[in-house]
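J.: Make a model of this:
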Amino acid sequence: MNEAADRHPVLQGLYLNGQWWEGKERLAVINPSTEAPLAIVTGGDAQSVDDAVQASRSAFDAWSRTTGAFRAVILRRIAAGVAERRERLMSLQSTNNGKPGFEAAMDVDDVIATFNYYADLAEAADVQQNREVALPTEAFAARLRREPCGVVGLIVPWNFPMVTTAWKLAPALAAGCCVVLKPSEITPLAELELARIIAASGLPDGVFNLVCGTGLAVGAPMAGHPGIAKVSFTGSNAVGVQVMQRAAETVKGVSLELGGKSSLLVMADADLDLAVELASGGGYFNAGQMCSATSRVLVAEERLEPFLQRLVAKAQSIRVGSPEEDGVEMGPLVNQAQYRRVVDHIETAKADGARLLCGGQRPASQPRGYFLEPAVFTQVPLNCALWREEIFGPVLCVRGFSSEAEAIALANDSPFGLVASVVSSDSRTADRVADALQAGTVWINSPQVIFPQTSWGGFKQSSLGRELGPWGMQAFQEIKHVVRAT
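T.: Take a look at the predicted model:
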């Protein structure tokens, strides 16, 4: 810990059984725009995790028996609390994560919408509970119950603080589960503020617990804790495998939201201006730090050169800088490690023969901070890591295709299958291509809009299970059938 960091106040990073506590670890939280410390957050350990689990287990019996209508009241209070502190939460997103104001606003609004949506589902669950099941004989009757699976562990990443938390926390509470949340140690400030909102919502003590800390100190004990019935994790595939392995030791449920290497397909009849806007948004939003980044852009050969000209002009026009500056469109990468990782991928791709058309360097106007100009590559070898692996940075790879079949084959040639985008002026072409793509979500002529009502998750190694929609709530429920002789 450096001297500058020591001058910052220490924030309590443990919320256990309705009380704030100070952990033993000291975690420096950095502003990625300035590289300066923002705060010191105390982190927990295996004992903190156990304390959180015990608090949740003590609260579970009473909370699991509440009605959906009661839980909906709490969820709506949380949504209202987020709305009341919207500006504060946006500011925390910008300073801790580097998001420009418009991106931070979208994140906070998503959180509000998610809690309100699951409040509606919680109310509807009261009506649907004990639904009669049709049987082939009148000698028996059966009814269906959906019951909360128990205490759940939620492990969330740094790229969308609060959003990924809301996507897990809101349905878990709606289902009647008790929760232990581990936010990212890199971006915990917005989550800590959200926890304060939850603490003021009237939620009974022990239902929601938060433990800041590293993956090794907190995440691993959560995944292996025998008192946790299910773990929901969002992050890298490498860590997801470790979570699954630890969870297997106690045969607990697992939901995994992992990586992606998604494609945007620009068909021969596409509106090029629209295609460039969608490619830019799909590759450079959140500085490319999103699992849904459509970082592979496939363009019909006859449109490739004019598309590249427009895309390079668009990339070069994007204003990169601190969220505090007016008109900034793209902020920094989240920390030095991520910055170094993306730069190393860029340098390796150049050495492998890929052609860098623009970007990929620190902007001259930003001597400090983890800033990187939006990059456009072409002629990237198909076996190059830049083409195959999730980079998590503002890097687009553009390749031509000669037929619809080739475009689909290139897009599907990946161990991932999270999302895809199609740009076409012909609805039949667009639908045909969308149906052929191996992805959990496909956008047609659309930016990457995500609604609480639609599922989130992908094919292959991108996901295990689904979030959002009714599937998000069902992920935290067990199914029980009660059968009786009549």
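J.: in the stretch 101-250 of the chain, which spans are helices?
T.: For the stretch 101-250 of the chain, applying DSSP state H, counting those that start in this stretch gives helices covering 101-128, 163-175, 189-199, 220-224, 237-248.
J.: The second one to helix 189-199, inter-axis angle?
T.: Pointing back at helix 163-175 there. Computed by axes from the mean of the first three to the mean of the last three C-alpha atoms, to 10 degrees, the angle separating helix 163-175 from helix 189-199 equals 20 degrees.
J.: what's near enough to touch Gly288?
T.: Ser295, Val342, Pro374, Ile391, Phe392, Gly393, Pro394, Val395 (C-beta atoms under 8 Å, 6 or more residues apart in numbering). Glycine gets a C-beta too; all of them are placed from N, C-alpha and C.
J.: show me what contacts the third one?
T.: Residues in contact with Pro374, defined by C-beta under 8 Å, 6+ apart, are 280, 283-284, 288, 315-316, 318, 320, 330, 358-359, 394-396.
J.: per-residue confidence for Asp6?
T.: The per-residue pLDDT reported for Asp6 equals 51.
J.: do Ala248 as well
T.: 97.
J.: To what extent is it buried, counted in neighbours?
T.: Ala248 has 12 neighbours, counted by other C-beta atoms under 10 Å.
J.: What's the separation between it and Val241?
T.: Relative to Val241, Ala248 is positioned 11 Å away (C-beta to C-beta, to the nearest Å).
J.: Stretch 358-373: how far from the chain's middle?
T.: In terms of C-alpha atoms, centre = their mean, to the nearest Å, the centre of stretch 358-373 is found 25 Å from the chain centre.
J.: Show me what counts as buried in that stretch.
T.: By neighbour count, with 16 or more other C-beta atoms under 10 Å as the criterion, the buried positions of stretch 358-373 are Cys358, Gly359, Gly360, Arg362, Gln366, Gly369, Tyr370, Phe371, Leu372, Glu373.
J.: which intervals of the chain have sub-threshold pLDDT?
T.: Filtered on pLDDT under 70, the chain yields the residue ranges 1-7.
J.: For stretch 62-71, list every residue counted as buried.
T.: By neighbour count on 16+ other C-beta under 10 Å, the buried set for stretch 62-71 is Trp63, Ser64, Gly68, Arg71.
J.: That one: how far from the chain's middle?
T.: Mean-position distance between stretch 62-71 and its chain equals 27 Å (C-alpha atoms, centre = their mean).
J.: Would you mind pulling the contact partners of that stretch?
T.: With C-beta under 8 Å, 6+ apart, stretch 62-71 has contacts from 119, 121-126, 129, 147-148, 173-174, 176-178, 204, 206-207.
J.: at 10 Å instead, please
T.: With C-beta atoms under 10 Å, 6 or more residues apart in numbering as the test, stretch 62-71 has contacts from 56, 73-75, 118-129, 147-150, 173-179, 202-204, 206-208.
J.: Output the buried residues of stretch 62-71 in a markdown table; the columns should cover secondary structure and distance to Val449.
T.: Compiled in a markdown table, those are given as follows (DSSP: H, G, I helix; E, B strand; the rest coil; distance: C-beta to C-beta, whole Å):
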| residue | secondary structure | distance to Val449 |
| --- | --- | --- |
| Trp63 | helix | 33 |
| Ser64 | helix | 34 |
| Gly68 | helix | 28 |
| Arg71 | helix | 28 |
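J.: Tell me which of the helices of the stretch 101-250 of the chain sits nearest to Asp426.
T.: The closest of the helices of the stretch 101-250 of the chain to Asp426 is helix 101-128. By C-beta to C-beta, the value is 30.3 Å.
J.: Mind listing what's buried along the closest one?
T.: For helix 101-128, burial by neighbour count (16+ other C-beta under 10 Å) applies to 101, 103-108, 110-125.
J.: Let's check: the centremost residue of this protein is which one?
T.: For the chain, Thr164 is the residue whose C-alpha lies nearest the centre (C-alpha atoms, centre = their mean; 4.5 Å).
J.: and that one, how far is that from Ala238?
T.: Distance, Thr164 to Ala238, by C-beta to C-beta: 18 Å.
J.: Ok, Gly98 next?
T.: 24 Å.
J.: Neighbour count: the two, which is higher?
T.: Applying other C-beta under 10 Å to Gly98 and Ala238 shows that Gly98 carries more neighbours, namely 30 against 9.
J.: residues contacting the nearest residue to the more buried one once chain neighbours are set aside?
T.: In this structure, Gly98 finds its nearest non-sequential neighbour in Gly331, 3.7 Å apart by C-beta to C-beta, 6 or more residues apart in numbering. Residues in contact with Gly331 (C-beta under 10 Å, 6+ apart) are 32-33, 93-94, 97-101, 103-104, 286-287, 289, 320-325, 369-371.
J.: one more time with 8 Å
T.: Counting by C-beta under 8 Å, 6+ apart, Gly331 has contacts 32-33, 94, 97-100, 103, 287, 320-323, 371.
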